[in-house]
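>>> Sequence plus the predicted model coming up.
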Amino acid sequence: MHPINLYNTLTRSAENLSPMDGQRLRFYCCGPTVYGRAHVGNFRTFVMQDVFRRVVEAAGMETLHVRNVTNVDDKTIRGSIAAGQSLEEFTEYWTRLLHVDCEALSILEPHEEPSAIAHVPEQIELIGQLMEKGLAYQSDNGSIYYRIAAFEEYGKLCHLNKSDVRHNADQRLNTADEYDKENASDFALWKTWREEDGDNAWDSPWGRGRPGWHIECSAMSMKYLGESFDMHSGGVDLIFPHHENEIAQSEGATGKTFARHWFHVAHLKVEGEKMSKSLGNLYTVDDIVSWGFEPNDLRYSLLAGHYRQPLNFTKDSLNACRSARRRLGQFADLLPVGLEPTPGFSVFAPVLDALLDDLNTPKALGLLHSISQDVAADLKAGKSEPDEMVAIASGFHNALLAFGIEVPQADAGGEEAPDGIKDLAEQRSAARAAKDWTEADRLRDELSKAGWEMRDQADGYELTKL
RNA sequence: GGCGCGGUAGCCAAGUGGUAAGGCCGGGGACUGCAAAUCCUCUAUUCGCGGGUUCGAUUCCCGCCCGCGCCUCCA
């Protein structure tokens, strides 16, 4: 069992991480708000969280992976009302599509996937503890707020001094909500019912209402992982305020360290621009597929940059990654097939080392290519021992699993051509046999116009759908 | 104002106090009737700029220029 070295936002340094209980590495991932299709930016975070899990497991550790879906908030409530559906119906619909996309991207299912709707009692219980400890208070309008002045360590994750916080720095805040708080930086634990909430209200000791956003993650992570666990993660935008507030809620209530290690994934840009609804660049997995790429091309491209660095997502990068994946596929075709895979990375061990070193996926992918080329050169030069090849093929296979990358294989077989296309192809073969190049070229053009590419091979031809 | 990140070939992107991984694109070659695919091969005397430390710096230090992120509900 190798520990993984991972940058910890809390300490601003890379630290070794292994299960604190010596058994399973328990970690929590902040999932999406399910009010629409998840976009490539969301998936950068989810793919990196997935690679974290795969690498940790490849290093011989067991995991307990919890990823929530947020289904009680302004956007889901507004969306469900607009759609004329219950909040459950509405958010279950988008959760199902999330699962479809995750599967397409080879993202492993978390062991638990709790949602806020299903954990209202746990959240109420936690708020009650905070009330008892004087860390929360009820305002005149009935809502419950967290009293950050009472939590000494507030700001330790995002490294902001309370005095340095510029309140409402980017003018996004709805100031109408702000009057009832003792301090502008206090945040809502329980929101009292308002007209626009419709039927979405639960009874609590403080009246009908709904939980605030941050409390669900504190309640659910501690329910499934315990009051203290190994790692907590999400996109960088969650560092403040979401994760800072989770720490305040959880550590305030239990007096114990919440998550030991905080892992945050930098944001994705699209064609050099910030992603935003107004720019219309919140691309989805379906968009990528409609451009003619495979979801795995997207996955590869999300691993092509280091997770702590902003990554620029472009169609060019998808093209590059598709080619790179094909290249790996060509290598895979050289390896023996049908063998019982063995554990271990063999000559590909440096790939795992790079991944264990703060999830250096760009370096690891580079090594995957360069080692593959070395192996291929040895194979072609007849310098490799057949029994070595079993371990090497397994090592390659295991390395791909650690990335969650799939490579196209020659024997995968494409789409079957319809009869009309096959007829044209046969005619062209005949023309070629007769050395009638003009007719052969004409038929190739005709096939191309019909959407099929015909490639001549030594012993026949291959048809590929364009 | 506070905190933080980055500037490496046409593009993407690793990296180290001892002289630049890898991928894509592009060039050349093999193969092919021609293509495509594939294979082989080439492509940064140089790492934003200016100083300093050092036998030696892209890598450490200082200054500057440029770009970016966060500072209350966006992965």
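Yep, that arrived. Numbers count the residues shown, from 1 in each chain, chains lettered A, B, ... in the order given.
>>> residues from the stretch 1-150 of chain A in reach of RNA strand B?
A:12, A:30, A:32-33, A:41-42, A:44-45, A:73, A:75, A:148 (Cβ under 7 Å from any atom of the strand). Any C-beta I mention is one placed from the backbone N, CA and C, and that applies to glycine too.
>>> Run through chain A and note the low-pLDDT ranges.
In the predicted model of chain A, residues A:162-179, A:411-415, A:466 satisfy pLDDT under 70.
>>> Report the spatially nearest residue to the closest residue to RNA strand B within the stretch 1-150 of chain A, omitting neighbours in sequence.
RNA strand B sits closest to A:Gly41 of the stretch 1-150 of chain A, with a gap of 2.6 Å, by Cβ to the nearest atom of the strand. In space, and not counting its chain neighbours, A:Gly41 is closest to A:Leu268: 4.4 Å by Cβ to Cβ, 6 or more residues apart in numbering.
>>> how about the helices of the stretch 151-300 of chain A, start to end?
Ranges of helices in the stretch 151-300 of chain A, per DSSP state H, counting those that start in this stretch, are A:213-225, A:244-254, A:285-290, A:295-303.
>>> Spatially nearest residue to the closest residue to RNA strand B within the stretch 51-200 of chain A (excluding sequence neighbours)?
In the stretch 51-200 of chain A, the residue that lies nearest RNA strand B is A:Ser185 (2.2 Å; Cβ to the nearest atom of the strand). Computed as Cβ to Cβ, 6+ apart, the closest residue to A:Ser185 that is not its neighbour in sequence is A:Ile148, at 5.5 Å.
>>> who's the residue nearest to A:Gly41 bridged to?
A:Leu311 (DSSP bridges).
>>> residue contacts, it?
Applying Cβ atoms under 8 Å, 6 or more residues apart in numbering, we find A:Leu268 in contact with A:40-41, A:44, A:275, A:302, A:310-313.
>>> Among these, which one sits closest to A:Val390?
Taking Cβ to Cβ as the measure, A:Val390 lies nearest A:Leu302 of these, at 31.3 Å.
>>> thought the closest one was touching A:Met48?
Yes - A:Leu302 sits in contact with A:Met48 when judged by Cβ atoms under 8 Å, with a separation of 7.4 Å.
>>> What parts of the stretch 251-400 of chain A come near RNA strand B?
Within reach of RNA strand B by Cβ under 7 Å from any atom of the strand, the stretch 251-400 of chain A has these residues: A:265, A:267-268, A:274-275, A:304-306, A:309-312, A:314, A:316-317, A:319-321, A:323-324, A:326-327, A:330, A:360, A:362-363, A:365-367, A:369-370, A:373, A:376-377, A:380.
>>> re earlier: the residue of the stretch 51-200 of chain A closest to RNA strand B: neighbouring residues, count only.
Neighbouring residues of A:Ser185 were enumerated by other Cβ atoms under 10 Å; the total is 19.
>>> pretty sure it is touching A:Arg147, no?
No - counting by Cβ under 8 Å, A:Ser185 does not reach A:Arg147; the two are 10.0 Å apart.
>>> Pull up the gap between the residue nearest to A:Leu335 when sequence neighbours are not counted and RNA strand B, please.
Nearest residue to A:Leu335 in three dimensions, chain neighbours excluded: A:Ala393, at 4.1 Å (Cβ to Cβ, 6+ apart). Relative to RNA strand B, A:Ala393 is positioned 17 Å away (Cβ to the nearest atom of the strand, to the nearest Å).
>>> What about the residue of the stretch 1-150 of chain A closest to RNA strand B, how many residues nearby?
Neighbour count for A:Gly41, taken as other Cβ under 10 Å: 22.
>>> which residues touch it?
A:235, A:267-268, A:270, A:275, A:282.
>>> Filter those residues down to the buried ones and hand me the PyMOL line.
One line in PyMOL is enough to select the buried members of the contacts of A:Gly41, burial here meaning 16 or more other Cβ atoms under 10 Å:
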select buried, chain A and resi 235+268+270+275+282
